[in-house]
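A.B. asks: Provided below for reference: sequence and predicted model.
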Amino acid sequence: MSFFHEYNVGIATVEVSKDGSGSVADGSVCHAVCDPHMLTFDGRYYEHQYTGHYVLYKNEENNIEVQMTTAPCGYRATPTCPCAIAIRSGRTVFRFDRCAGYRVPWEIGFATCGGRPEEMTVYKKHSQYQVYLPTGTTIKVDVGNIILNVFIYPSEADIGLTSGLCGTLTGDCCDDLKLKNGGYAAGAQCGCYDFKTYKDFSDSWSLDKHNSLFDDEVVRDLNATTVSASYCTCEIKPDESSTSAHDNVLCPATNAKQCIYPSNYIRVNDKNSCAIRTRRRRSIGPNLESRNRRSTEWMNGWTAESAGAYCEELFNKSASVNQCQNIDEESIERSKRTAFWIYS
């Protein structure tokens, strides 16, 4: 029997307040959207019009990372779009992948759940996913037909520790285009709104197969997250004559943990989804050959994209699918695959 089993603490009143000092992490977001238009944590806009596999965001001190693959957005298209995202927290990795094109359904799920349960929590609503990390950092992913939009909301634990295409979280957009070797992008001016491409900056954060979170051999050898437990401390009243009505409890924000999740989202079950780790290992980078393959002939105004989008919309609006998607996702994906092949 617990020592406090029959102990009643009564009604306690708790007043929560911030210290009012503000933080460079407050309101900060890094995004990669459409083809892709980039926004760094410190508010610098630029373009990333290159094909390949890249570090989008990394907090090396806590073994946290987001990788992104970009490929041509459509058939014979010049712009590139995000077609795969891998999110790592310690030994836990969650992946989104459709770089092979519309003929292959999305692969979405945990690649490994080898770490502690608190390393990552994933919720979803239809095609919108929210991934919560133990540092308080949140990643939101909007899944489209064959592309992704990614939004990363940093936490106090990221300040001064981020790298990659999202830049350095310091509160100064002038130092965002920092190369992996410590230098800075050639020709970059101190300003937040140039909307230019910087090939040397993007190239410096490209990845090979030995560092890819889409390679199962790499994933198996990952180290656990270094995020430690966060404890609050009590600030005792200096003396009985103090005018303070209560003792103060001080809680550091650097290791904040998400404890309230959106009520209209459903938690993604990691136990069943982790079976994805037994699938055939995919090679690094997008499969451009299959992604750019054209169908032979379409009639009555239909195209491969419109057929795929039509099928995807039917599935997403189906009440039966929404009821069953968290029970047996693999059967639903097989049904989608069949429909895509019929209409393409």
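C.D. replies: Noted; the coordinates are in hand.
A.B. asks: Now do the contacts for Lys178.
C.D. replies: By Cβ atoms under 8 Å, 6 or more residues apart in numbering, the contact set of Lys178 is Ser163, Gly167, Thr168, Tyr184. To be clear about C-beta, it is placed using only N, CA and C from the backbone, and glycine gets the same treatment.
A.B. asks: Does it have any beta-bridge partners, and if so which?
C.D. replies: Beta bridges link Lys178 to Tyr184, judged by DSSP bridges.
A.B. asks: circling back: could you flag which of the contacts of Lys178 are buried?
C.D. replies: Neighbour-count burial (16 or more other Cβ atoms under 10 Å) applied to the contacts of Lys178 gives Ser163, Gly167, Thr168.
A.B. asks: Next step: those restricted to strands.
C.D. replies: Ser163 (DSSP state E).
A.B. asks: so which of the buried ones among the contacts of Lys178 comes closest to Asp208?
C.D. replies: Using Cβ to Cβ, Ser163 comes nearest to Asp208 of the buried ones among the contacts of Lys178, at 17.1 Å.
A.B. asks: Does that closest one touch Glu60 like I think?
C.D. replies: Yes - between Ser163 and Glu60 there is a contact under Cβ atoms under 8 Å: 7.1 Å.
A.B. asks: Give me the common contacts of those two.
C.D. replies: Shared contacts of Ser163 and Glu60, counting by Cβ under 8 Å, 6+ apart, come down to nothing at all.
A.B. asks: Now do the end-to-end distance for stretch 170-182.
C.D. replies: Stretch 170-182 has its terminal residues 15 Å apart, counting by Cα to Cα, to the nearest Å.
A.B. asks: quick revisit: show me which of the buried ones among the contacts of Lys178 is closest to Ala100.
C.D. replies: Closest to Ala100 out of these is Ser163 (29.0 Å), distances taken as Cβ to Cβ.
A.B. asks: number of nearby residues for the spatially closest residue to the closest one that is not a sequence neighbour?
C.D. replies: Spatial nearest neighbour of Ser163, chain neighbours left out: Lys58 (5.0 Å); criterion: Cβ to Cβ, 6 or more residues apart in numbering. Other residues within reach of Lys58, judged by other Cβ atoms under 10 Å, total 22.
A.B. asks: Please report how far Lys58 lies from Val150.
C.D. replies: With distances defined as Cβ to Cβ, to the nearest Å, the gap from Lys58 to Val150 amounts to 14 Å.
A.B. asks: Would you mind listing the residues in contact with Asp142?
C.D. replies: Taking Cβ under 8 Å, 6+ apart as the definition, contacts of Asp142 comprise Ser127, Gln128, Tyr129, Leu148, Asn149, Val150, Phe151.
A.B. asks: And the fourth one, how far from Thr225?
C.D. replies: If I follow you right, that is Leu148. 24 Å.
A.B. asks: Give me the buried stretch members for stretch 79-99, please.
C.D. replies: Using 16+ other Cβ under 10 Å as the burial criterion, the residues of stretch 79-99 that qualify are 80-99.
A.B. asks: Over to stretch 143-162?
C.D. replies: Buried, per 16+ other Cβ under 10 Å, within stretch 143-162: 143-159, 161-162.
A.B. asks: If anything else comes up later, I'll come back, but that's it for now.
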